[in-house]
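[1] can you look at this prediction? I've put the sequence above it.
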Amino acid sequence: MTESLAALLAAHAGGKALRATIDETYDRVERHNDPALFIALRPRAEALAIAGRLQADGPEGKPLFGVPFVVKDNIDVAGLPTTAACPAFAYEPQKSAFVVERLERAGAIAVGKTNLDQFATGLVGVRSPYGVPRNALRPDLIPGGSSSGSATAVGAGLVPFSLGTDTAGSGRAPAALNGIVGLKPSLGALSGAGLVPACRTLDTISIFARDVADAFAVFEAGCGYDEADPFSRPFPPPTLSGVPTGLRLGVPRQDQLQFFGDPEAEAAFARDVAAGESLGFRLVEFDFEPFAEVAKLLYEGPWVAERYAATKPLIETHPEALHPVTRAIIEGARKFDAVAAFEALYKLAGRRRRAERIWSDFDIMLLPTIPRPYTVAEVEADPIRLNSCLGTYTNFVNLLDLAAFATPSGMRGDGLPSSVTLIAPSGTDGLLAGVAAAIQARSGAPMGAT
C-alpha cells in the first residue's frame, strides 16, 4: 500500500531512491491485477528513467518530488495516447495538459492513463469498451464515474493521488464509492488546456487522494492561470484554511432528502449531520428544491449539446464507435435548437438568483455525496435511471459555479464508508478543504481500502 503523499515526500527527503518508489508502484499495480483499470500504462523502464533524471536534478522547487500519479484518459499526457475510452477517437498528444505539466514540474511522475465512462459521460464507471474497473472496497459495487480508474487506483492504494474530471459529479461520486476524497475545484482554477471536453463551459479537472491534505497539496501545485485556456480564471494562491468559529452549515430539509430505498445511507447522513453539530458548526435547514431544479437542467436540458459538439466528427461519421448508452445520451442533443438553449439559459439565471438568496442563510452546504451505492448488476439492468439517481446531489454544482469537496465522513452499518460533500461559492476551495479535513479526521473511516 502506498504511503500518503506527506509520508512519501518525507521518505524521499530521508534518502529513499525515487527509482525504488517507482518499482514499488509498478509492483502494486501488478499485484492488484485489474485489466480494466489502465487504458495505457507507461513502460516501467521509462518511468524509472524519469525518476533517475529527477533524482539527479534534486528536490529543490519540487513540492511533489518523486510522487507517482495516474491520469484520467481524457487528459493529455505526452508519450501516452489519449482515447477518452473510445479507440476510434484515440490520438497521440504532442504535449501534456497544462495541469499535468505543472505537476510534473513540481516533481510528480505520471505512470499511466486510467479508464473512464466513455467521453466522461456517466457517473457509474461501467460505460467503457475497456471494461469496468474494480471498486476498491467491494468488487460487486460500481466504481463510480466517469473517473472510474482514477478513483479506484487511489482507493486501492496504488498511487497517492490521481487526476479525474468533473462536469456533473465525476470527481465526487467515484470518491464516495471508493472511500476517498475528491476535490472539485472552482471552475477555471485548474486549466482545461489538454482536456477532451465533455461540456466545455462546465468541465474541470479534479483531484482524488486518500486524505484532504494530500488532495489540497496537489491542487496548490496544479493551480495557475493559463492564458491559452479561455475558461481559465485568475485566483489568489490557494491556502488551506482553518475552521472558523460559528460556521453555518446548510442542510436540506429532511423531507427533501432522497436515498432511493437505502436505509443505511439515510442513517449515515443523519449521523454525519449530528457529527457536524458536535464539531461546533451551526446547522441551518434550507430549501433544496431550487438546486434540484438546476440539477435536472444538466441532462434534461440543452447542455447535452455540448457533449455532441465535443464528439461531433465521430458521432456523425462513425456513430457505431460509441458505447450504446453514451451514444443514446449524446444523440439526445439533436432535439434541442438554439431557441431551447436560450430558454434554458434564462431558466438557469432565474434559478441561480433564487439559489443566491438561499446562500445568504449559511456559509457551506453539506450534502450526501451520493444517495446510495449500486452494484454493477443493478446499473447494467437500469443504466439511465440509476445514473440519474447518483447525480441527485452533484449535477447542479458546476451550473451554479460552485466549489465542492467530497470526503469520507463515517461508517455505514454495512461496513462501507459514508461520504459527504461540502459545497460553497467559487473561490472557497481552501475553506472547504479545512472543513473537510476536520470532518475526515473525526470520521474514523479508513482511507480507501486501507
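    Thanks, I have the structure now.
[2] spatially central residue for the chain, please.
    Gly171 (1.3 Å; C-alpha atoms, centre = their mean).
[3] and the helices in the stretch 51-200 of the chain, which stretches?
    98-105, 148-155, 173-178 (DSSP state H, counting those that start in this stretch).
[4] could you export the second one as PDB, CA atoms only?
    Once side chains and other backbone atoms are set aside, the C-alpha atoms of helix 148-155 remain, and they are given as PDB (Å, rounded to 0.1, in the frame of the first residue of the first chain):
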ATOM      1  CA  SER A 148     -13.600   5.300 -12.500                       C
ATOM      2  CA  GLY A 149     -10.000   4.200 -12.900                       C
ATOM      3  CA  SER A 150      -8.500   7.300 -11.300                       C
ATOM      4  CA  ALA A 151     -10.600   6.800  -8.200                       C
ATOM      5  CA  THR A 152     -10.100   3.100  -7.900                       C
ATOM      6  CA  ALA A 153      -6.300   3.500  -8.300                       C
ATOM      7  CA  VAL A 154      -6.200   5.800  -5.300                       C
ATOM      8  CA  GLY A 155      -8.800   3.800  -3.300                       C
END
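[5] same for that helix, what does it pack against?
    On a contact count with 3 or more C-beta pairs under 8 Å, 6 or more residues apart in numbering; DSSP states H and E, helix 148-155 meets strand 68-72, strand 109-114, strand 161-166, helix 173-178, strand 204-209. C-beta: built from backbone N, CA, C; applies to glycine.
[6] the first one too?
    For helix 98-105, the packing partners by 3+ C-beta pairs under 8 Å, 6+ apart come out as strand 109-114, strand 161-166, helix 212-222.
[7] in the second one, what counts as buried?
    Neighbour-count burial for strand 161-166, counted by 16 or more other C-beta atoms under 10 Å, picks out Phe161, Ser162, Leu163, Gly164, Thr165, Asp166.
[8] roughly how far does the fifth one sit from Ser150?
    Distance of Thr165 to Ser150, given as C-beta to C-beta, to the nearest Å: 9 Å.
[9] cool, the third one as well?
    Between Leu163 and Ser150 the distance, using C-beta to C-beta, works out to 6 Å.
[10] strands of the stretch 301-450 of the chain, residue ranges please.
    Applying DSSP state E, counting those that start in this stretch to the stretch 301-450 of the chain gives strands spanning 364-368, 402-411, 417-425.
[11] for the second one, what does the pLDDT average out to?
    The average of the pLDDT scores along strand 402-411 is 97.
[12] strand partners of that strand, parallel vs antiparallel please.
    Applying DSSP bridges, strand 402-411 is found paired with strand 181-184 (antiparallel), strand 417-425 (antiparallel).
[13] that older thread, kindly reformat the strands of the stretch 301-450 of the chain as CSV and extend each row with distance to Arg19 and mean neighbour count.
    As requested, these are exported to CSV (distance: least, C-beta to C-beta, whole Å; neighbours: other C-beta atoms under 10 Å):
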stretch, distance to Arg19, mean neighbour count
strand 364-368, 43, 24
strand 402-411, 32, 27
strand 417-425, 34, 25
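[14] nearest to Ala193, of those strands?
    With C-beta to C-beta as the criterion, Ala193 lies closest to strand 402-411 of the strands of the stretch 301-450 of the chain, at 20.1 Å.
[15] just the angle between that closest one and strand 161-166, please?
    If you take axes from the mean of the first three to the mean of the last three C-alpha atoms, to 10 degrees, strand 402-411 sits at 120 degrees to strand 161-166.
[16] ok so, going back, mind listing the shared neighbours of Thr165 and Ser150?
    Here Thr165 and Ser150 share the contacting residues Lys72, scored by C-beta atoms under 8 Å, 6 or more residues apart in numbering.
[17] hmm, what's the outermost residue in this protein?
    The chain, C-alpha atoms, centre = their mean, max distance from centroid: Ala56 (33.4 Å).
[18] so that one versus Phe231, what's the distance?
    Counting by C-beta to C-beta, the gap from Ala56 to Phe231 is 37 Å.
[19] ok, Tyr346 next?
    In terms of C-beta to C-beta, Tyr346 sits 22 Å off from Phe231.
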